[in-house]
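> kindly return the folded structure for what I paste below:
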Amino acid sequence: MRPPYEPGRVRYHHTRGDSPGAVSDEHGAPLPSFDPWRDDRAPPPPPPPRDERPWDEPSRDDGFWQQERRRWPDPLPPPRPWWRRVRWGRWLVRGAAAFIMLFVVAVIWLAVTAPLSRSLKPPTPPSITLTAADGTPIARRGAIIGAPVDAAKLPAHVREAFLAIEDRRFYSHWGVDPRGIARAAWANLGSGGVRQGGSTITQQLAKNAFLDSDRTAARKLREAMIAFWLEAWLSKDEILSRYLSNVYFGDNVYGITAASKHYFGRTPMQLNVGQAAMLAGLVKAPSRLAPTGNLKGARARQAVVVGAMVDAGFLSQDEAARVQPQRVLAERPETLPTGTYFADWVLPSAREVAGESGTEATVRTTLDRGFQRTAERVVRQATLRGMQAALVAMKPDGTVVAMVGGKDYGASAFNRAVQAKRQPGSTFKLFVYLAAMRSGLTPATVMDDTPVEIAGWKPRNDDGRYLGPITLQRAFARSSNVVAARLTQQVGVRNVIRAARDLGITTPIANEATIGLGTSEVSLLELTGAYAAVASGRYPVVPRGVEGGRGASWYEAIAGRDTAMSATIRDEMRTLLGSSIRGTGRGANLPVSAFGKTGTSQGGRDGWFIGFAGDLVVGVWVGRDDSAPNPGLHGGGIPAQIWRQFMMSALHIPVAVAPVEDEAAAPIDPGNMLDQMGVDLGGEVGRAIDGAQPRIEDALDRLREMGIELPRPPAPGERLPERRRLDEGRGERGGGEGGDGFEEDGGPGAF
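Below is the predicted model of the structure:
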């Protein structure tokens, strides 16, 4: 920057201007000298007027100093405002601006997170009563919440009882009562602990509706802000109405309407002074003072409230003396269970159907009480030997009519029909054969039932016998592991997984060949829904337990939800399932048309039977919660027996009493007889028998259509007592998997 002077023109001197030797300027005039300091000197003359021309405007007459004067700003700044001259003034302005900004942010935050509508909502989900399909209540879940009240229409003594004990200055403060806070602090200081609270009714409403119950300074600050917010937007009567409609009175009861009915069997308009005082006294400690469990404590608290009403001027001494200790209704035994396996499963859907109702809601479910009693009975009567059992019964469209998730809900609420994921064993072969039918194969297609090795994996049949070339129908009936593995390799693992996904299986499925033997875990509910798809001819079937549930969205409809199954493929799958129930599933055979499949996982850890008959699709699982092995357990044993017993009762099938007959007179199954003799049916004889069986079934069906019903062979459990005792003596496998020449696979343990 250029200096404001010209070098060489400045001279310094310390002598008077009129003294000899004084220095003079270039014109000979003496330079000015320094005058002595004087206090009475006149003020310096004002500076010459400033040149207002722009500093960069050129001028021929301007000298250096004039140019510099125009270039540099005026050394004297303009006078500052008074608030800037005061040192703390700027901080006051900044603080006020920050407060306004925070206030605006708080208002926006309250408008978003604390809408006024929330002060009308109960602090807990409302009570939902679940009914069966016929409208009979079966379970109740959640809190009992009464209808909202209008405080202005309540009797005066009802309002005054709550104001006297909770907030006497309710109609005069702005949401926070400084006097009440000071009084409570003084009382707590004198008692050495927290004995009183300074929260107003508005603060209690803010806490119940918007906040949690922690005792932190931040929560109290938010509570005060919301209280101011409520006071600004609601009238006093509206605040009191919302408070009385939502406050907790013990016994899982919310709101004065529900409390009046629960404890006294009357409405709030009918409460006398003593009853109002008792209810007002419960607010302090509702769980501890509930009169159904602590009538003495509730009456003592009632007396305290009556005394507070006298102190507040709401009652006279004579009126208070006439108030009697109140009685409450005798505690009624709970007639509806609060939980069952079906209720636990259906509750989320029921709440969705009930919507935002603030009072008790009633939701109709799909449960059939008769089917449910039957399911519970057959599971209870089964010989489980320390194992658990689960059963799901549904209509072909997925409507669940019965559900048992274990032997005893009281001992264990874990729902093994829904929550447990277990290996399905051979029941998973349904998807292997479905993929095979989609690829163009048929039940009459011949596959090789001989040992095979696939990428180092050597599946084997459970009985160790291999029949060579056999039809897919016979392989499915025998539950051949080797044929299932060959089919999985032939049609591709991805196509098997796709078949499972199409039929509604959502659990993870490993991308490996072993899935054909049921190595990927599924739930009983999902697997039963997959079999329901074959019964209905449409897929996927989504199990549901609530009437009026959510329907398919437009996206699901466009994406192919609820697809019709090819009639040819459906008939082929029913042919396979029908042959299986006469093979490894003989223990589940019925005197009517029935279809199903057995399944057993490694070491007998899980036994399954899933099938359908009439208009019911039923799945049964048996096993242990810890997945421990169960020697002797297989799908054709206990699970098939439970399935058959349920079906016989649910479908009202009469138990036929067979005439006494010779063992030789019993119907002979050529395939079973030759299997027992060890004859290899892999040649022309076996294929001839396999081909004749479906034709015989078709002929029987045509005869039935003509009105001609031929008697069916009695099931193993319906034969003469001597034969039954003989079968029982053979052990569990006598009439199930492995009996009569049909052996069930060992599931994942077969390799």
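
> which strands and helices sit next to the helix or strand G529 falls within?
Secondary structure assignment for G529, by DSSP states H and E: helix 524-536. If contacts are counted by 3 or more Cβ pairs under 8 Å, 6 or more residues apart in numbering; DSSP states H and E, helix 524-536 sits against strand 388-394, helix 429-438, helix 567-581, strand 594-600, strand 606-613, strand 616-623. No exception for glycine: its C-beta is placed from N, CA and C like everyone else's.

> that helix to strand 606-613, inter-axis angle?
Calculated by axes from the mean of the first three to the mean of the last three Cα atoms, to 10 degrees, helix 524-536 forms an angle of 30 degrees with strand 606-613.

> quick check: mean pLDDT across helix 524-536?
Computed over helix 524-536, the mean pLDDT rounds to 97.

> and M648, what does it touch?
Residues in contact with M648, defined by Cβ atoms under 8 Å, 6 or more residues apart in numbering, are 590, 655.

> give me phi/psi at it?
phi -60, psi -40 (degrees, to the nearest 10).

> quick check: closest non-adjacent residue to P148.
Using Cβ to Cβ, 6 or more residues apart in numbering and skipping the chain neighbours, the partner closest in space to P148 is S245 (4.2 Å).

> please look at D237 and V149 and confirm they touch.
No. Using Cβ atoms under 8 Å, D237 makes no contact with V149, being 10.8 Å away.

> more neighbours, those two?
V149 (22 against 15; other Cβ atoms under 10 Å).

> show me what contacts the more buried one?
241, 244-245, 255-257, 268.

> how about 7 Å then?
241, 244-245, 256-257, 268 (Cβ atoms under 7 Å, 6 or more residues apart in numbering).

> ranking those by neighbours, who comes first?
Highest neighbour count within these: I256, with 29 neighbours (other Cβ under 10 Å).

> quick check: it vs G313, distance?
Distance, I256 to G313, using Cβ to Cβ, to the nearest Å: 23 Å.

> just to revisit the earlier point, would you turn the helices and strands packed on helix 524-536 into CSV with mean pLDDT?
Below are the helices and strands packed on helix 524-536 laid out as CSV (pLDDT from 0 to 100):
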stretch, mean pLDDT
strand 388-394, 97
helix 429-438, 97
helix 567-581, 95
strand 594-600, 96
strand 606-613, 97
strand 616-623, 97
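
> nearest to Q372, of these?
The closest of the helices and strands packed on helix 524-536 to Q372 is strand 388-394. By Cβ to Cβ, the value is 8.5 Å.

> so what's the residue count around M447?
There are 21 residues near M447, going by other Cβ under 10 Å.

> so it: helix, strand or coil?
Using DSSP: H, G, I helix; E, B strand; the rest coil, the secondary structure recorded for M447 is strand.

> find the nearest non-adjacent residue to it, please.
V483 (4.8 Å).

> how many neighbours does that neighbour have?
Using other Cβ under 10 Å, V483 has 30 other residues around it.

> what sits against it?
V483 neighbours (Cβ under 7 Å, 6+ apart): 447, 449, 475.

> which one of those sits closest to P325?
In terms of Cβ to Cβ, no member of the contacts of V483 lies closer to P325 than A475, at 80.4 Å.

> that closest one in helix, strand or coil?
Counting by three-state DSSP, the backbone at A475 sits in helix.

> do you know how far it is from V482?
In terms of Cβ to Cβ, A475 sits 8 Å off from V482.
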